[in-house]
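no sequence on hand, only this structure:
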């Protein structure tokens with residue numbers, strides 16, 4: 001039902017628009033613009049018989065003959081010549097070709113900046129050679145090792161003397177005080193040792209070192225030397241006595257820059273040279 005109603009409404013609207021279009025007034029042409037004063041109106045003349053008749057009437061009209069006029073009287077005023085304007089003086093212009101060098105001479109010539117030479121990249125310094133350490137020896141005793149140190153000179157630094165125990169392990173080191181004249185003097189020395197706070201002592205009662213006071217026996221020299229330092233700090237003068245198989249002494253140190261182990265061995269007079277970790281010298 002709704003669809004039919006819409007169709008009817010649409011038909012009525014179309015009919016109304018058609019009636020309005022048929023019954024509307026024709027549009028009026030716009031009025032021509034007003035002509036300016038003194039100007040004739042231009043009209044269009046149609047061609048055909050009327051145009052030909054107008055052309056023939058114009059051609060048949062009589063034309064007035066041309067009359068030659070007499071020349072003017074001699075007394076007539078002669079034509080006055082037009083005044084000639086005075087010529088302007090020309091201003092001499094300097095030639096451009098000559099001004100150019102003058103201008104060029106007046107302007108100082110700036111010398112071209114020199115092109116900086118390309119610098120070669122600096123060669124990085126060579127990496128420093130790591131330190132090398134050696135052990136020179138073996139030497140029979142401490143005195144021989146000390147003498148070898150003096151011979152080596154400055155080719156080796158941070159020198160340390162080290163005793164290597166014998167392979168048999170029978171080496172012993174005793175710290176002793178000099179032998180007293182008799183037993184009573186030895187006992188008096190012991191009382192002084194006790195008063196100084198030292199321990200581990202005894203009096204030797206026989207042999208070559210009778211009445212001497214022993215302050216300890218050690219298997220390595222380092223322990224014996226530490227004991228000697230403690231006894232010396234208490235005011236005594238001990239001595240170190242080695243027994244059994246003697247050990248070997250080695251000269252340990254860091255090689256100077258550019259020095260080879262063979263050079264240090266030759267200068268010190270050592271029979272052998274061994275590579276050594278430098279951390280052991282610190």
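Yes, it's here. All of these numbers come straight from a predicted model, not from anything done at the bench.

ok, residue 197 - contacts?
The contact partners of residue 197, taken as CB atoms under 8 Å, 6 or more residues apart in numbering, are residue 234. For every residue, glycine as well, the C-beta is placed using N, CA and C.

and it, how far from residue 238?
Using CB to CB, to the nearest Å, residue 197 is found at 15 Å from residue 238.

what's the answer for residue 184, then?
For residue 184, the distance to residue 238 - CB to CB - is 21 Å.

who has more neighbours, the two?
Higher neighbour count among residue 184 and residue 238: residue 238, with 22 against 10, using other CB atoms under 10 Å.

the more buried one against residue 229, yeah?
No. Residue 238 lies out of contact with residue 229 (CB atoms under 8 Å); the separation is 9.5 Å.

residue 6 looks like it's in a helix, true?
Yes. Secondary structure of residue 6 (DSSP: H, G, I helix; E, B strand; the rest coil): part of a helix.

number of residues surrounding it?
Neighbour tally, residue 6, other CB under 10 Å: 9.

how about the one 4 residues further on?
Look at residue 10: counted by other CB under 10 Å, it has 10 neighbours.

in which helix or strand does it reside?
Using DSSP states H and E, residue 10 sits in helix 2-23.

ok, residues contacting that helix?
So helix 2-23 is contacted by nothing (CB under 8 Å, 6+ apart).

so where's the stretch 101-250 of the chain shaky on pLDDT?
101-127, 166-170, 245-246 (pLDDT under 70).

can you give me the neighbour number for residue 156?
When neighbours are defined as other CB under 10 Å, residue 156 has 24 of them.

can you check residue 176 too?
Neighbour number of residue 176 under other CB under 10 Å is 20.

what does residue 214 give?
Residue 214 has 17 neighbours, counted by other CB under 10 Å.

next helix or strand past the helix or strand that it is a member of?
Remark: residue 214 resides in strand 213-218, with elements defined by DSSP H and E. For strand 213-218, the succeeding helix or strand toward the C-terminus, using DSSP H and E, is helix 221-233.

what's that next one packed up against?
Here helix 221-233 touches strand 172-177, strand 213-218, strand 239-243, going by 3 or more CB pairs under 8 Å, 6 or more residues apart in numbering; DSSP states H and E.

just give the strands next to the first one in its sheet, each with its orientation.
Okay, so that is strand 172-177. strand 213-218 (antiparallel), strand 239-243 (antiparallel) (DSSP bridges).

identify the residues contacting the helix or strand following that strand?
Next helix or strand after strand 172-177 toward the C-terminus (DSSP H and E): helix 183-195. If you take CB under 8 Å, 6+ apart as the criterion, helix 183-195 is touched by 177, 179, 180, 201, 203, 211, 212, 213, 215, 234, 236.

bridging residues for the fifth one?
Just to be clear, that refers to residue 203. On the basis of DSSP bridges, residue 203 is bridged to residue 213.
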